[in-house]
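# Got a sequence here, can you build the structure:
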Amino acid sequence: MGVSTTWTGSLSSSYNTAGNWTNGVPVATGTAVIDGSVSITGGVPSQPDVQRFYVARTYTGAIGSVGTPLELDCSELSVDNNTSGSTHYIHLDGATYASKTVMVDGLKTGNALYLSGDLDLVIVESTFLGTVHLGNSASKVATVKDMTIMTSAGTVDASVPANVAFADNALLYMTAGTFNIGENFGDNGTMTLTGGTINVNEWTVTSGGSTDSLIISGSGATVNWNAGSTGLTPSSINAVRTLTMVNGTFTTVSNEKAYVGLGTITQYGGTVNLQSPFPNIEINTAFNSYAGSFNAPKQSVLTTTAK
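Predicted structure coming up:
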């Protein structure tokens, strides 16, 4: 096991200065513990590889900046601090650690973490209260493979399409909190909600069709679909290939955007409300109704199986 070293910032805000750490600059197989009150300047360290980068609960400084995140190659990034005024900008990239996991806990209301780079797994814990922004800028994009959101009062924001991309076969599991999304959740991606709210504000897709599956199973789970398939008619593309409703709510009532094509809806319960202000919603394949409340889109001719 590598050496553990703790940030003190006793000499400066430079990550590269050995005297700012209790055991020297972090090594590739080691653990970096960020504590104290001194902020860390962003950029690419002379030694960016570290196995584990842990931001302690009592840390009161800031890491990186909006134009210059701290760039690391690490296997595990853990952000646990819950002190006031903490905003961090961290970019994960590099080949030393092929799999990169981010775990976010702590962070009070009003605090933020800006994540970019290759993110294999992002876990937002139940006690998180701040905001995780996926993507720093168009030049520091977040590419996300899998994500779990369990926060009761925090927010994950992926609303800027130029700043975020979701990998093919991406998986989202959400039990609480708010997720704002402005980009297609990856071809063959699956979003499963047992609780919480997803606000879909943009949904970039191609004429080949989006192949995402959306499963809503919790009574408190809500998806507000406010996005359209820009430039395409509903029959040429499905924004969601399959929507499975067990409980909760799927609604387009505030959708004033372009056309939205939905593939197959299977409803066992909950509420599906496709009454958008304009006739811009279309079910292209089938609507299978077993139970629950359904408000049909204004213009669609439905292929319906009711049991």
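
# I'd like the secondary structure assignment at Val122, please.
State at Val122, reduced to three classes by DSSP: H, G, I helix; E, B strand; the rest coil: strand.

# now Ala162, what's its secondary structure?
Relying on three-state DSSP, one would call Ala162 helix.

# Any figure for the gap between it and Thr127?
31 Å (Cβ to Cβ, to the nearest Å). (C-beta placed from N, C-alpha, C; glycine too.)

# now swap in Gly30 and tell me
Taking Cβ to Cβ, one finds Gly30 at 27 Å from Thr127.

# the more surrounded of those two?
Gly30 (19 against 16; other Cβ atoms under 10 Å).

# show me the residues around that one that make contact.
2-5, 50-52 (Cβ atoms under 8 Å, 6 or more residues apart in numbering).

# do that again at 10 Å, thanks
Counting by Cβ atoms under 10 Å, 6 or more residues apart in numbering, Gly30 makes contact with 1-5, 23-24, 49-53.

# Quick check, Thr178 in contact with Gly130.
No: judged on Cβ atoms under 10 Å, Thr178 makes no contact with Gly130 at a distance of 11.7 Å.

# so what sits against both of the two?
Among the neighbours of Thr178, those also in contact with Gly130 (Cβ under 10 Å, 6+ apart) are 151, 153-155.

# Buried ones only from the residues you listed, please, as a ChimeraX command.
Applying 16 or more other Cβ atoms under 10 Å to those leaves a buried subset, and the ChimeraX line that selects it is:
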select :151,154,155
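
# from the shared contacts of Thr178 and Gly130, which single one is nearest Asn295?
Thr155 (27.9 Å; Cβ to Cβ).

# I'd say the closest one and Ile181 touch.
No: look at Thr155 against Ile181 with Cβ under 10 Å: they stay out of range, at 11.4 Å.

# what touches both of these two?
Asn199.

# Look up how far Gly106 lies from Thr58.
In terms of Cβ to Cβ, Thr58 sits 10 Å off from Gly106.

# Compare these two and say which is more crowded by neighbours.
Neighbours around Thr58 and Gly106, counted as other Cβ under 10 Å, are more numerous at Gly106. The numbers are 23 against 13.

# Looks to me like the more buried one is in a strand.
No: counting by three-state DSSP, Gly106 is not part of a strand but coil.

# Enumerate every residue touching it.
55-59, 78-83, 86, 113, 125, 127-130.

# One more: Ser99?
75-76, 118, 120-121, 145.

# run the last query once more with 6 Å
Asp120 (Cβ atoms under 6 Å, 6 or more residues apart in numbering).

# Look at Gly195 and give its secondary structure.
coil.

# And for it, the neighbour number?
For Gly195, the count of nearby residues is 19 (other Cβ under 10 Å).

# ok, it touching Met174?
No: checked against Cβ atoms under 6 Å, the pair Gly195 and Met174 is beyond contact range at 7.0 Å.

# residue boundaries of the strands in the stretch 151-300 of the chain?
Listed in chain order, the strands found in the stretch 151-300 of the chain under DSSP state E, counting those that start in this stretch are 155-158, 164-174, 178-181, 190-193, 197-200, 213-216, 222-225, 240-245, 249-251, 260-267, 271-273, 281-289, 293-295.

# what helices or strands is the last one leaning on?
With contacts defined as 3 or more Cβ pairs under 6 Å, 6 or more residues apart in numbering; DSSP states H and E, the packing partners of strand 293-295 are strand 271-273.

# hmm, back to that, output the shared contacts of Thr178 and Gly130 as CSV; include the columns pLDDT and distance to Leu92.
Output for the shared contacts of Thr178 and Gly130, formatted as CSV (pLDDT from 0 to 100; distance: Cβ to Cβ, whole Å):
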residue, pLDDT, distance to Leu92
Thr151, 86, 20
Ala153, 84, 26
Gly154, 88, 20
Thr155, 92, 21
